[in-house]
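>>> this is the structure alone, sequence omitted:
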């Protein structure tokens, strides 16, 4: 459909959640904003292929997700920014204790396989239905459900089961020095 | 409907941990959502919108939209 005023407003209204999705996926604010920008450019260039009445956020998330995945393949050898630059993108700095917990969560999330991480974010944070998440990821609904379940079990093992793994700053330092050989 | 969730079925995952994970995930996400639309994106869309709307207006003389 053509870009009407209301469609443009709807696209703009999706920007905050697109950014949240991009940051959750990439863990890096600058890169996330580049992804969002690229997503908007693609969306506007292909606006004719958007079906009126269909789910605009899901359409935009699909574009962003596909961009992220192709971008990720190109960049995976680069040293990941693991030292909390994500936290710097936040306006409100959480209190110290909460901040540590937050970093721990962030790092645990980064340890999930990408398929599981994106499924968990789409369903658990973006609020998409399993069906929409499946459409965004181009897979079956059952696949999304099992990815979300595995993501949750893995996070709970990483965060709440003792001795699962060491998340200390030492590991971050080692990852940076050693090139995050995961 | 067969797939009614059975709490506690997922070997060892207790509901409290799950709700905590859900809460942390949303807190992280919503923190970004609350930042709203940064100017660069509002700007970008405004510019592209103009570029999109104009190509067929070869004769720009009577642009009747008058809002800007």
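That came in fine, so what should we check first? As the structure is a computational prediction, the values presented were derived from the model and not from experiment.

>>> C-alpha only now, for contacts and for neighbours.
OK.

>>> okay, and for chain B, where does confidence drop off?
Applying pLDDT under 70 to chain B flags residues B:1-13, B:49-68.

>>> not counting its neighbours along the chain, what's nearest the spatially most central residue of chain A?
Residue closest to the mean C-alpha point of chain A, counted by CA atoms, centre = their mean, is residue A:25 at 2.3 Å. Residue nearest to residue A:25 in three dimensions, not counting chain neighbours: residue A:118, with 6.6 Å by CA to CA, 6 or more residues apart in numbering or on different chains.

>>> now that neighbour: how far from residue B:42?
Per CA to CA, to the nearest Å, residue A:118 is found 26 Å from residue B:42.

>>> then residue A:26?
Residue A:26 sits 22 Å away from residue B:42, going by CA to CA.

>>> okay, the two: which has more neighbours?
Between residue A:26 and residue B:42, counted using other CA atoms under 10 Å in any protein chain shown, the more crowded position is residue A:26 (20 against 15).

>>> so that one makes contact with residue A:32?
Yes: when contacts are counted by CA atoms under 8 Å, residue A:26 is listed as touching residue A:32 (6.5 Å).

>>> count of neighbours near the residue nearest to residue A:25?
Around residue A:118 there are 25 residues (other CA under 10 Å).

>>> name the SS class of residue A:3, please.
At residue A:3, secondary structure determined by DSSP: H, G, I helix; E, B strand; the rest coil is coil.

>>> next up, the contacts around residue B:26.
Contact partners of residue B:26, counting by CA atoms under 8 Å, 6 or more residues apart in numbering or on different chains, are A:124-125.

>>> oh, I was asking about residue A:124
B:22, B:25-26.

>>> apply 7 Å and report the result again.
residue B:22 (CA atoms under 7 Å, 6 or more residues apart in numbering or on different chains).

>>> now do the same for it: its pLDDT.
pLDDT recorded at residue A:124 is 96.

>>> where's the residue nearest to the centre of chain A, which helix or strand?
Using DSSP states H and E, residue A:25 sits in helix A:5-26.

>>> distance of the residue nearest to residue A:25 from chain B?
Noted for residue A:118: a distance of 12 Å to chain B, by CA to the nearest CA, to the nearest Å.

>>> distance between the helix or strand hosting that residue and the chain's centre?
Using DSSP H and E, residue A:118 falls within helix A:114-124. Distance of helix A:114-124 from the chain centroid (CA atoms, centre = their mean, to the nearest Å) equals 7 Å.
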